[in-house]
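**Student:** sequence? don't have it. structure:
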């Protein structure tokens, strides 16, 4: 049975409240009480919508991953040129690292840190990272195919690009004041274009 | 007056204990009691050596930054060829991301996450990141000079390389299972070499 719209809205509020509390205080201090307070809801209502704090986190990871994906789809529109699609992806992701949504980026960085320690967080985070890696590898492979190059290295190249983007998010959140302005999107595009040119003809 | 060797050793034990506790439980749960227990020392002794938990953290950040720097100096030896020096730096840093010292990397990732929220952590973290950025920009500029290229873009190129490395650390700690093996050092070297080639003659 599909959930009622009201339930979806309430769940979204709770997930948003976890994001806000995590961004300032981290996952440890984001107790059910603190999340309820931020959402302006009674703690009992949180228990009605989610079995546990970890279940709220799972929902938050999915929401954050979807956030970048929706933005990508908006920018890419109906473009089917592989290079346009790759550029749209990098733009969608890296405008986040350049101040477009600092709370979203900070929450994502926090979750990465929580994933180091907590198996349940790691499982969800790894799934999101694996999805990004698949998507990026497909985008690169499509460009390489268009350039009549072998696509065997697409996944490895995608991993480097993903590391660059995740590092840019971390540095934007944790050391933004000392990083050059606007370097990340240039670096990502440069890495992608130049790396693909090293692939042999295919 | 210089500190006694015994004091240095004791302080190092305490800093190491904070690193261990953070790697598994995070900064929040790393209470003075928990750090003392991990170090096998009385809590009172920690207060004798450090004014606060944050002061132990400052010392840990310095220790971790020095860890990579010492490893770089070991590998580079007396080499003065700019490309050899850059390669040694990338090797020293990225062997960490490839499993050489997972606890060091996890602690570093945790500190980056803490830096998002806590001004006092951020101040120290940003200083360490600014140092890395300076060092990397110098290494790249030296290579570019040797290649008779303009060095004006060295700092921006260094920022992208630093993001790639920090992202590789985060992904190694938080999603290592889904990343291709050994991609990071290849990606960093590829990015550095190819990016420098885009700089105009100088």
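**Tutor:** Yep, it's here. Since the model is a prediction, treat every value here as computed from it, not as a measurement.
**Student:** next one: residue A:117 from chain B, what distance?
**Tutor:** 6 Å (CB to the nearest CB, to the nearest Å). Bear in mind the C-beta positions are built from the backbone N, C-alpha and C, glycine included.
**Student:** now for that residue, how many residues are close by?
**Tutor:** By the criterion of other CB atoms under 10 Å in any protein chain shown, residue A:117 has 20 neighbours.
**Student:** confirm for me that it is in contact with residue B:29.
**Tutor:** No: counting by CB atoms under 8 Å, residue B:29 is not a contact partner of residue A:117; they are 9.7 Å apart.
**Student:** give the contact list for the residue nearest the centre of chain A.
**Tutor:** Closest residue to the average C-alpha location of chain A: residue A:65 at 4.3 Å, with CA atoms, centre = their mean. By CB atoms under 8 Å, 6 or more residues apart in numbering or on different chains, residue A:65 lies in contact with A:128, A:131, A:132.
**Student:** if we check chain B, which of these are in contact?
**Tutor:** Among these, none lies close to chain B by the criterion of CB under 8 Å from any CB of the partner chain.
**Student:** which of the residues you listed fall within helices?
**Tutor:** Among the contacts of residue A:65, DSSP state H puts A:128, A:131, A:132 in helices.
**Student:** give me the number of residues near the last one?
**Tutor:** Using other CB under 10 Å, residue A:132 has 21 other residues around it.
**Student:** and what of the first one?
**Tutor:** For residue A:128, the number of neighbouring residues by other CB under 10 Å comes to 21.
**Student:** thought it was touching residue A:58?
**Tutor:** No: Residue A:128 lies out of contact with residue A:58 (CB under 8 Å); the separation is 10.4 Å.
**Student:** can you name the element that comes right after the regular element (helix or strand) spanning residue A:37?
**Tutor:** Assigning secondary structure by DSSP states H and E places residue A:37 in helix A:32-39. Note on helix A:32-39: by DSSP H and E, the next helix or strand toward the C-terminus is helix A:43-49.
**Student:** ok, back up a step: what packs against the helix holding residue A:37?
**Tutor:** helix A:5-29, helix A:43-49, helix A:53-76 (3 or more CB pairs under 8 Å, 6 or more residues apart in numbering or on different chains; DSSP states H and E).
**Student:** for these, give me a markdown table that also has distance to residue B:6 and mean pLDDT.
**Tutor:** A markdown table is the format used below for the helices and strands packed on helix A:32-39 (distance: least, CB to CB, whole Å; pLDDT from 0 to 100):
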| stretch | distance to residue B:6 | mean pLDDT |
| --- | --- | --- |
| helix A:5-29 | 35 | 85 |
| helix A:43-49 | 51 | 93 |
| helix A:53-76 | 44 | 88 |
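**Student:** can you give me the domain assignment for chain A?
**Tutor:** A:1-50, A:53-196 (automatic domain parsing).
**Student:** and the longest one, how far from the chain's centre?
**Tutor:** I take that to be domain A:53-196. 6 Å (CA atoms, centre = their mean, to the nearest Å).
**Student:** related to what we said a few turns ago, neighbouring contacts of the helix holding residue A:37?
**Tutor:** Residues contacting helix A:32-39 (CB under 8 Å, 6+ apart): A:13-14, A:16-18, A:20-21, A:25, A:42-43, A:45-47, A:53, A:56.
**Student:** state the helix or strand in which the nearest residue to residue A:184 once chain neighbours are set aside lies.
**Tutor:** Of all residues not flanking residue A:184 in the chain, residue A:168 sits nearest, at 3.8 Å (CB to CB, 6 or more residues apart in numbering or on different chains). Here residue A:168, judged by DSSP H and E, is contained in helix A:154-175.
**Student:** now the element after that helix, going C-ward?
**Tutor:** Once helix A:154-175 ends, the next helix or strand along the chain (criterion: DSSP H and E) is helix A:183-196.
**Student:** quick check: buried residues in that following helix?
**Tutor:** For helix A:183-196, the neighbour count (16 or more other CB atoms under 10 Å in any protein chain shown) marks A:183-192, A:194-196 as buried.
**Student:** show me what that helix is packed against.
**Tutor:** helix A:82-95, helix A:119-146, helix A:154-175, helix B:154-175, helix B:183-196.
**Student:** and the contacts of the last one?
**Tutor:** Just to be clear, that refers to helix B:183-196. By CB under 8 Å, 6+ apart, helix B:183-196 touches A:156-157, A:159-161, A:163-164, A:187, A:190-191, A:194-195, A:197-198, B:86-87, B:90-91, B:93-95, B:97-98, B:140, B:143-144, B:147, B:149, B:157, B:160-161, B:164-165, B:168, B:172.
**Student:** show the buried residues in these.
**Tutor:** The buried subset of these (16+ other CB under 10 Å) comprises A:156-157, A:159-161, A:163-164, A:187, A:190-191, A:194-195, B:86-87, B:90-91, B:93-95, B:97-98, B:140, B:143-144, B:149, B:157, B:160-161, B:164-165, B:168, B:172.
**Student:** pLDDT below threshold where in chain A?
**Tutor:** Scanning chain A for pLDDT under 70 picks out A:1-5, A:97.
**Student:** and the residue sitting furthest away from the middle of it, how far from residue B:197?
**Tutor:** Ranked by distance from the centre of chain A (CA atoms, centre = their mean), the top residue is residue A:201, with 32.5 Å. Using CB to CB, to the nearest Å, one gets 20 Å for the distance from residue A:201 to residue B:197.
**Student:** try residue A:163
**Tutor:** For residue A:163, the distance to residue B:197 - CB to CB - is 21 Å.
**Student:** quick revisit: same for chain B: which of the contacts of helix A:32-39 are within range?
**Tutor:** Answer for the contacts of helix A:32-39 near chain B (CB under 8 Å from any CB): residue A:25.
**Student:** is chain B contacted by stretch A:86-105?
**Tutor:** No: contact of stretch A:86-105 with chain B (CB under 8 Å from any CB) is absent, the minimum separation being 8.5 Å.
**Student:** I am finished for the moment; much appreciated.
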